[in-house]
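A.B. asks: Output the structure for:
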Amino acid sequence: MSVTNPKMVIPERVLVIDDSDIARAAIVGILTDGNFVVFEQPSAIGATRAIREHAIRAVVVDISMPGLSGDKLLGVLRKNQRLDGLVIVIVSARSSSELATMNELRDADAVMPKADLATDLVRTLTRLLRGSRFRPSEIFATGGDR
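C.D. replies: Next up is the predicted model:
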């Protein structure tokens, strides 16, 4: 007979998207140290597929990337009804005051300067995920889009 430990917590799955290898590695390190299961990619292209395949509950995406930028990806993900409740954190090398004036980021769950990630990212994601109703294992249980 096996006994389940009620204090045992299944790590949350996070997708990190940043075209900079150095920045992406730093974010992955912060999240891994914070006990998240982290998937990464250098481009926003294929993000929806990665979210589905890896049962991702949160995305951390850089705003400034070639091709599909983070703010454009935010719009794409928010329009997808199957991803309603997905936690999206936009990160940028820009200052907090500059980010606060960017209207296209209003649908993000959080917007953070990269300078603050080491101190605030794990705490912010933990808080946002605690309040999120998004459960990809329930939505994508059939393995394909309906």
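A.B. asks: Let me see the contact set for the closest residue to Asp84 other than its chain neighbours.
C.D. replies: Of all residues not flanking Asp84 in the chain, Phe134 sits nearest, at 7.0 Å (Cβ to Cβ, 6 or more residues apart in numbering). Every C-beta, even on glycine, is put in place using the N, C-alpha and C of the backbone. For Phe134, the contacting residues are Arg57, Leu83, Asp84, Gly85, Leu86, Val87, by Cβ atoms under 8 Å, 6 or more residues apart in numbering.
A.B. asks: ok but Phe134 is inside a strand, no?
C.D. replies: No: under DSSP: H, G, I helix; E, B strand; the rest coil, Phe134 sits outside any strand and is assigned coil.
A.B. asks: And it, its phi and psi?
C.D. replies: Per-residue torsions, Phe134: phi -70, psi 120 (degrees, to the nearest 10).
A.B. asks: Met65 versus that one, what's the distance?
C.D. replies: Distance, Phe134 to Met65, using Cβ to Cβ, to the nearest Å: 23 Å.
A.B. asks: One more: Ile51?
C.D. replies: 17 Å.
A.B. asks: more neighbours, these two?
C.D. replies: Ile51 (25 against 20; other Cβ atoms under 10 Å).
A.B. asks: is it true that that one lies in a helix?
C.D. replies: Yes: counting by three-state DSSP, Ile51 is found in a helix.
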